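Novice: Provided below for reference: sequence and predicted model.
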Amino acid sequence: MSTPVTAHSVAEPSSRSKLIASLLVVTYAVITILPLLWIFLTGFKTPPDSIAYPPKVLFEPSVEGYVNLFTTRSRQTPEFLATLPPPQTWYERLVRSRNMVIGGPSKVVPRFVNSVVIGFGSTFLAVCFGTIAAYAFSRFRVPLADDLLFFILSTRMMPPIAVAIPIYLMFRHLGLTDTKLGMILLYTAVNVSLAVWLLKGFMDEIPREYEEAAMVDGYTRLQAFFKVVLPQATTGIAATAIFCLIFAWNEYAFAVLLTSGDAQTMPPFIPFIIGEGGQDWPAVAAATTIFFIPILCFTILLRRHLLRGITFGAVRK
Amino acid sequence: MNDRSQMSTLAERAVARTPRRLALRFGGMSDRAIAWLFITPSVLLLLAVNIFPLLWTIQLSFTNYRANRPNAVLRYVGLDNYRDILTDPEVWQAMQATAHFVLWSIALELILGFGLALLINRGFRGHSFWTTIILLPMMLSPAVVGNFWTFLLQPQIGLFNSGIALVTGVDPSSFQMIGDVRLAPWSIIMVDTWMWTPYVMLICLAGLRSIPDYIYEAAEVDRASPLRQFWSITLPMVMPFVMLAILFRAIENFKMFDMVNLLTSGGPGSTTEVASITLKREAFEKWRTGYSSALAIILFVTVFGAANIYVKALNRVKQR
């Protein structure tokens, strides 16, 4: 974490114990990161290299996995290939060398776009609703506030599969099955609980005196909220937004049960990237890598707020 | 402060564009009205997407409804679905598999996570870099994690078996993690531990850092041994945080679906069929909507009970 550990003035760990601790932690970190590195490397293998036995640590890098991810290909006979004009681009040559032709783009781009649209749409709504609700909970005496807050949190505790049945039926009635709008509404509802809890914590930390001073200056309550509290809460709102985005980005259970085509996101799509003769592991690894990059950036950005985000704001730094 | 001036010009523009009558109406709103206006959207959304479906599930759980035959006659069967579930050996087996998975993964995550937190808390050089690396698995999508672990756990081409072979010298093709009836539950426990140990570690670390130094200084003055300090200061002070981590992991693991569905999808046989996999099979493969609704209610009541304890634990940690 970014904050340094407060040094114990008396019980400061000895340098030898620090060395042992660092060695153990580094060992664990290396073991834990190894599977991810392996997936990253598999994305740059050729399909035969990826399923070689024993697994290849050293290999000639190739972008075939990425080419296979973004295109659909079909196997052809050498006779048929001979009748075709010579390949124009490097990726056509790459695919042709395996007796295949490119049939067109694969579905990966629309799926990725779905993830982005549904992720950002639901995040925006959840943060809007969450911000105003958190402000109300933080500043006003709301009757039954504790019960309402518990109700909001408890919706997050429901197993997604348990509410999936009626939501499926409801979406079927409303014509929302497999639509982006339906998924955005659903993810907004799931994320609103996190947004309220996190933002309430952030707003509690903004001194009330700021708005009171603004109101003494003649601002109304709403003006004070927009002009004083919101700007102060920007960091908290940004952190909350990223947590909501990560949830919508990673969600699988609702996505797999309620979408099949038009609104399908990346998590249910990645396992079904099939190549010639079974799973095309380099393409799957390539998709996984592309899918992970935003998460990696967010994790680094979020380091300071991570603890808050995963405990609903209960534990603070 | 740039953000701030931008925000206020934005707000000013919004205020200027608002029609005067509307501005007066909202501008003069009482605090209570604002509170309700601000809370209502969230609550309405949750009522529509969470509570309404829940009530519908309760209603369906007393019927023989099948979602793939919407026009069939709906018959109320009373508590029959609940009776069938509680006497179904398959459901009990699924519950056992779930309990096995929850208990072992939490035990392993706790040992590793607490240990790591203690080590990181020593504050060696570069600890923040390595902590960030350790935290990565937790941020990933469980479904995608489950999918790529099926690749890593392949008996011959996978990294895992080769790694074990390298360390122990056994033949990498002599055992199958996912295909073997005895090992399959352990492959789920292992992947879950890999993924969620950082979570437990982070919470324990927060607990360790919340202990004020002067307590250790006082103990040092009293000549308490390091072991004694650990048992009498560190452990009791960190305990609320540990309980929070346990409770949260238990709730999450109890309803775990994504990772298991992609890693083993309940197999081989039904050795890794946890409760939510059973639920998905009954609801979306066998289409026994009424029966699966009753199962959903049973699961929900269990998690809701835990959630209640969870919120109490949250408040206790918060008060410190």
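Specialist: Looks like it arrived, so ask away. Residues are numbered from 1 along each chain as shown, chains lettered A, B, ... in the order given.

Novice: Tell me which helix or strand residue A:298 sits in.
Specialist: helix A:281-302 (DSSP states H and E).

Novice: which residues sit in contact with residue B:165?
Specialist: For residue B:165, the contact set (CB atoms under 8 Å, 6 or more residues apart in numbering or on different chains) comprises B:171-172. For glycine as for every other residue, the C-beta is placed from the backbone atoms N, C-alpha and C.

Novice: So residue A:24 sits against residue B:119, correct?
Specialist: Yes - here residue A:24 reaches residue B:119: they are 5.5 Å apart, a contact under CB atoms under 8 Å.

Novice: Neighbour count for the two, which is higher?
Specialist: Neighbour totals were compared for residue A:24 and residue B:119, and residue B:119 leads with 22 against 16 (other CB atoms under 10 Å in any protein chain shown).

Novice: what about the more buried one, distance to residue B:193?
Specialist: From residue B:119 across to residue B:193, the span is 17 Å (CB to CB, to the nearest Å).

Novice: cool, residue B:73 as well?
Specialist: Counting by CB to CB - residue B:73 and residue B:193 are separated by 49 Å.

Novice: quick one: which of these two has more around it?
Specialist: residue B:193 (21 against 7).

Novice: which other helices and strands contact the helix holding residue A:298?
Specialist: If contacts are counted by 3 or more CB pairs under 8 Å, 6 or more residues apart in numbering or on different chains; DSSP states H and E, helix A:281-302 sits against helix A:15-42, helix A:47-50, helix A:64-70, helix A:234-250, helix A:266-269, helix B:127-139, helix B:142-152.

Novice: what packs against the third one?
Specialist: Packed against helix A:64-70 by the contact rule (3+ CB pairs under 8 Å, 6+ apart) you find helix A:47-50, helix A:90-96, helix A:108-139, helix A:281-302.

Novice: after the second one, next one along is what?
Specialist: Moving toward the C-terminus from helix A:90-96, the first helix or strand encountered (DSSP H and E) is strand A:100-105.

Novice: Check which strands are paired with that following strand and give the direction for each one.
Specialist: Sheet neighbours of strand A:100-105, with direction, are listed as strand A:71-75 (antiparallel) (DSSP bridges).

Novice: could you point out which element follows the partner strand?
Specialist: helix A:78-83.

Novice: Give the other helices and strands that that next one contacts.
Specialist: By 3+ CB pairs under 8 Å, 6+ apart, helix A:78-83 packs against no helix or strand.

Novice: what's the distance between that helix and the middle of its chain?
Specialist: In terms of CA atoms, centre = their mean, to the nearest Å, the centre of helix A:78-83 is found 44 Å from the chain centre.

Novice: pLDDT (mean, whole number) over that helix?
Specialist: Averaging pLDDT along helix A:78-83 gives 86.

Novice: Tell me the buried residues in that helix?
Specialist: Within helix A:78-83, no residue is scored as buried using 16 or more other CB atoms under 10 Å in any protein chain shown.

Novice: For that helix, give me every contacting residue.
Specialist: A:96, A:99, A:101.

Novice: Was I right to think the first one contacts residue A:87?
Specialist: Spelled out, that is residue A:96. Yes - between residue A:96 and residue A:87 there is a contact under CB under 8 Å: 4.9 Å.

Novice: sorry, back to before: just the angle between the helix holding residue A:298 and helix A:15-42, please?
Specialist: 140 degrees (axes from the mean of the first three to the mean of the last three CA atoms, to 10 degrees).

Novice: Just the CA trace of helix A:281-302, in PDB.
Specialist: The C-alpha trace of helix A:281-302 is given here as PDB (Å, rounded to 0.1, in the frame of the first residue of the first chain):
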ATOM      1  CA  TRP A 281      -6.100 -21.300 -26.400                       C
ATOM      2  CA  PRO A 282      -3.900 -18.600 -27.800                       C
ATOM      3  CA  ALA A 283      -7.000 -16.700 -28.900                       C
ATOM      4  CA  VAL A 284      -8.600 -17.200 -25.500                       C
ATOM      5  CA  ALA A 285      -5.500 -16.000 -23.900                       C
ATOM      6  CA  ALA A 286      -5.400 -13.000 -26.200                       C
ATOM      7  CA  ALA A 287      -9.000 -12.200 -25.300                       C
ATOM      8  CA  THR A 288      -8.200 -12.600 -21.600                       C
ATOM      9  CA  THR A 289      -5.200 -10.300 -21.800                       C
ATOM     10  CA  ILE A 290      -7.200  -7.600 -23.600                       C
ATOM     11  CA  PHE A 291     -10.000  -8.000 -21.000                       C
ATOM     12  CA  PHE A 292      -7.500  -7.700 -18.100                       C
ATOM     13  CA  ILE A 293      -5.700  -4.600 -19.200                       C
ATOM     14  CA  PRO A 294      -8.300  -2.100 -18.000                       C
ATOM     15  CA  ILE A 295      -8.500  -4.000 -14.700                       C
ATOM     16  CA  LEU A 296      -4.800  -3.800 -14.200                       C
ATOM     17  CA  CYS A 297      -4.800   0.000 -14.800                       C
ATOM     18  CA  PHE A 298      -7.700   0.400 -12.400                       C
ATOM     19  CA  THR A 299      -6.100  -1.700  -9.700                       C
ATOM     20  CA  ILE A 300      -3.000   0.500  -9.700                       C
ATOM     21  CA  LEU A 301      -5.200   3.700  -9.700                       C
ATOM     22  CA  LEU A 302      -7.300   2.300  -6.900                       C
END
